[in-house]
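>>> got a predicted structure here, sequence first:
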Amino acid sequence: MARLVMKFGGTSVADLERIRNVARHVKREVEAGNQVAVVVSAMAGVTNTLVGYTKEAAALHDAREYDAVVASGEQVTSGLLAIVLQDMGVDARSWQGWQIPIRTNEAHGAARIESIEGQTLIERLERGQVAVCAGFQGVAPDNRLATLGRGGSDTSAVAIAAAIQADRCDIYTDVDGVYTTDPRVVAKATRLERVAFEEMLEMASLGAKVLQVRSVEMAMVHGVRTFVRSSFDDPDAPQISADGTPVGTLICDEDEILEQQVVTGIAYSKDEAQISIRNVADKPGIASRVFGPLAEGNINVDMIVQNISPDGKTTDITFTVPESDYERARKVIEENVEEIGFENIEGATDVVKVSVIGMGMRSHAGVAAQCFEGLAKKGINIRAITTSEIKISVLIDSAYTELAVRTLHSLYGLDG
């Protein structure tokens with residue numbers, strides 16, 4: 001017998017037929033003797049509709065009332081799933097974030113979980129009752145509903161798993177696991193059996209959409225073994241693979257992975273923009289004058305490249321920001337032209353970041369050289385580079401996205 005958290009996203013609970021399918025997955029685990037807590041998202045499209053209502057009601061609206069509106073989607077789903085489970089003969093009860101309670105900070109609309117009191121849930125689970133929890137929501141210090149931002153149900157699920165000391169957290173989605181890259185780009189992409197927390201964190205932050213970044217951070221901090229599985233698999237089909245784990249991808253500690261690939265996967269992010277400021281005086285403190293105002297504006301800067309002129313008097317500084325922040329970032333830099341002192345500013349939004357990720361890179365030399373050589377042979381120019389122990393990211397023209405991903409996927413032996 002195990003204690004499980006099962007999380008189902010919006011596409012998995014898109015209508016009553018799919019909610020009944022989810023209930024069959026839950027009933028299967030209950031009949032296997034497991035204690036089960038379920039975390040659900042709003043039905044597909046509902047959150048977007050609710051967000052649209054708030055914007056239509058008032059362009060500038062109270063974030064607390066925004067949370068009251070958009071959190072209702074998960075409340076509907078949790079209630080419907082509890083009703084369906086009860087109709088199937090499964091003892092189930094819905095729980096909202098404030099009832100558990102999931103306590104968050106005061107940042108309405110993008111709150112962070114600070115604590116969860118899991119004892120009441122544990123007592124219900126030990127009595128054989130399924131707890132159907134509304135994801136994406138908690139209660140802020142002002143005692144009002146708070147939502148966790150996009151993808152917050154993943155974070156809810158991992159946090160609840162940690163709070164109730166679950167044996168694992170199963171994230172059910174519309175894919176059957178984590179792949180070496182986007183299968184829509186590379187037909188030969190293969191499903192990974194196991195991925196280390198650190199690798200998944202990089203993959204999630206660099207463009208892989210399977211898991212939300214904060215949920216991976218939380219799983220890593222609390223050591224929550226997390227499986228990515230498909231809710232569209234037949235609930236009555238065999239659910240255990242040859243090694244005794246569920247069918248899907250296990251996100252786990254590095255120690256659980258016996259044979260470590262040099263490169264685990266290739267990720268890409270199209271939400272990138274490049275800004276270059278030319279002929280900046282090369283003197284101490286200039287970087288803080290450039291990046292300080294951006295930080296004050298809550299604009300995240302990623303890649304940074306600095307080229308010093310031959311005479312050593314001026315420099316060009318190039319950096320990337322999220323595409324959604326491009327215009328705002330340019331405006332911040334232009335407003336500080338006298339403080340920074342540059343000749344002109346250039347920018348581009350037709351760029352993409354492609355990343356090579358793998359724990360094995362720590363102990364293998366030449367991975368970066370292979371990447372650069374492989375892209376050069378395909379005539380792909382690299383605009384910027386960043387590296388860490390387990391990743392290499394390059395900024396390239398967006399027109400070459402698919403060619404670059406396919407080239408690197410084959411180069412590192414990831415083709416299935």
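Perfect, thanks for sending it.

>>> in this protein, where is pLDDT below threshold?
Residue ranges of the chain with pLDDT under 70: 238-244.

>>> that one: helices as residue ranges?
16-31, 46-57, 63-70, 72-87, 119-126, 152-163, 197-205, 213-222, 286-296, 326-335, 337-340, 367-377, 401-411 (DSSP state H).

>>> nearest to V178, out of those?
For those, proximity to V178 was assessed by Cβ to Cβ; helix 197-205 is nearest, at 7.0 Å. To be clear about C-beta, it is placed using only N, CA and C from the backbone, and glycine gets the same treatment.

>>> and that closest one, what does it pack against?
Counting contacts by 3 or more Cβ pairs under 8 Å, 6 or more residues apart in numbering; DSSP states H and E, helix 197-205 is packed against helix 213-222, strand 249-252, strand 265-269, strand 351-357.

>>> which residues sit against it?
178, 195, 210-213, 216-217, 219-220, 251-254, 264-265, 267, 355, 357-359, 388, 390-391 (Cβ atoms under 8 Å, 6 or more residues apart in numbering).

>>> returning to what we had before: using CSV, lay out the helices and strands packed on helix 197-205 together with distance to A58 and mean neighbour count.
Listed next are these as CSV, based on distance: least, Cβ to Cβ, whole Å; neighbours: other Cβ atoms under 10 Å:
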stretch, distance to A58, mean neighbour count
helix 213-222, 28, 21
strand 249-252, 40, 26
strand 265-269, 33, 26
strand 351-357, 35, 25
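
>>> could you work out which of those reaches nearest to N21?
Of the helices and strands packed on helix 197-205, nearest to N21 by Cβ to Cβ is strand 249-252, at 20.8 Å.

>>> given that closest one, what are its sheet partners and their directions?
Strand 249-252 has its sheet partners listed here by DSSP bridges as strand 194-196 (parallel), strand 226-230 (antiparallel).

>>> re earlier: and the helices of the chain, which is most packed in?
Mean neighbours per residue, mean count of other Cβ atoms under 10 Å, is largest over the helices of the chain for helix 152-163, with a mean of 28.

>>> how far off helix 119-126 does it point, in degrees?
Inter-element angle recorded for helix 152-163 and helix 119-126: 80 degrees (by axes from the mean of the first three to the mean of the last three Cα atoms, to 10 degrees).

>>> now the angle between helix 213-222 and helix 152-163, please.
What separates the directions of helix 152-163 and helix 213-222 is an angle of 10 degrees, with the same axes, to 10 degrees.

>>> and the contacts of helix 152-163?
Against helix 152-163 from outside (Cβ under 8 Å, 6+ apart): 5, 7, 9, 37, 39-41, 74, 97, 100, 102, 113, 116-118, 121, 133, 135-138, 148, 166, 168-169, 171, 211-212, 214-215, 218-219, 222, 224, 226.

>>> same check on stretch 216-224?
113, 155, 158-159, 161-162, 166, 168-169, 197-198, 200-201, 204, 225-226, 251, 253.

>>> how distant is it from the center of its chain?
13 Å (Cα atoms, centre = their mean, to the nearest Å).

>>> for the helices of the chain, give me JSON lines that also has distance to A107.
Shown next, in JSON lines, are the helices of the chain (distance: least, Cβ to Cβ, whole Å):
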{"stretch": "helix 16-31", "distance to A107": "30"}
{"stretch": "helix 46-57", "distance to A107": "17"}
{"stretch": "helix 63-70", "distance to A107": "8"}
{"stretch": "helix 72-87", "distance to A107": "18"}
{"stretch": "helix 119-126", "distance to A107": "25"}
{"stretch": "helix 152-163", "distance to A107": "12"}
{"stretch": "helix 197-205", "distance to A107": "20"}
{"stretch": "helix 213-222", "distance to A107": "12"}
{"stretch": "helix 286-296", "distance to A107": "18"}
{"stretch": "helix 326-335", "distance to A107": "20"}
{"stretch": "helix 337-340", "distance to A107": "30"}
{"stretch": "helix 367-377", "distance to A107": "38"}
{"stretch": "helix 401-411", "distance to A107": "34"}
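
>>> so which of those is nearest I275?
helix 326-335 (6.0 Å).

>>> relative to T245, which of the helices of the chain is closest?
helix 16-31 (14.3 Å).

>>> domain assignment for this structure?
The record's domain parsing of the chain by the TED database lists 3-254, 260-415.

>>> ends of the last one, what's the gap?
Put plainly, it is domain 260-415. 16 Å (Cα to Cα, to the nearest Å).

>>> ditto for stretch 273-287
Terminal-residue distance, stretch 273-287 (Cα to Cα): 19 Å.

>>> thought S276 was touching T318?
Yes: with contacts counted by Cβ atoms under 8 Å, S276 reaches T318, the gap being 4.3 Å.

>>> does V175 touch S231 like I think?
No: counting by Cβ under 8 Å, V175 sits too far from S231 to count as a contact (9.8 Å).
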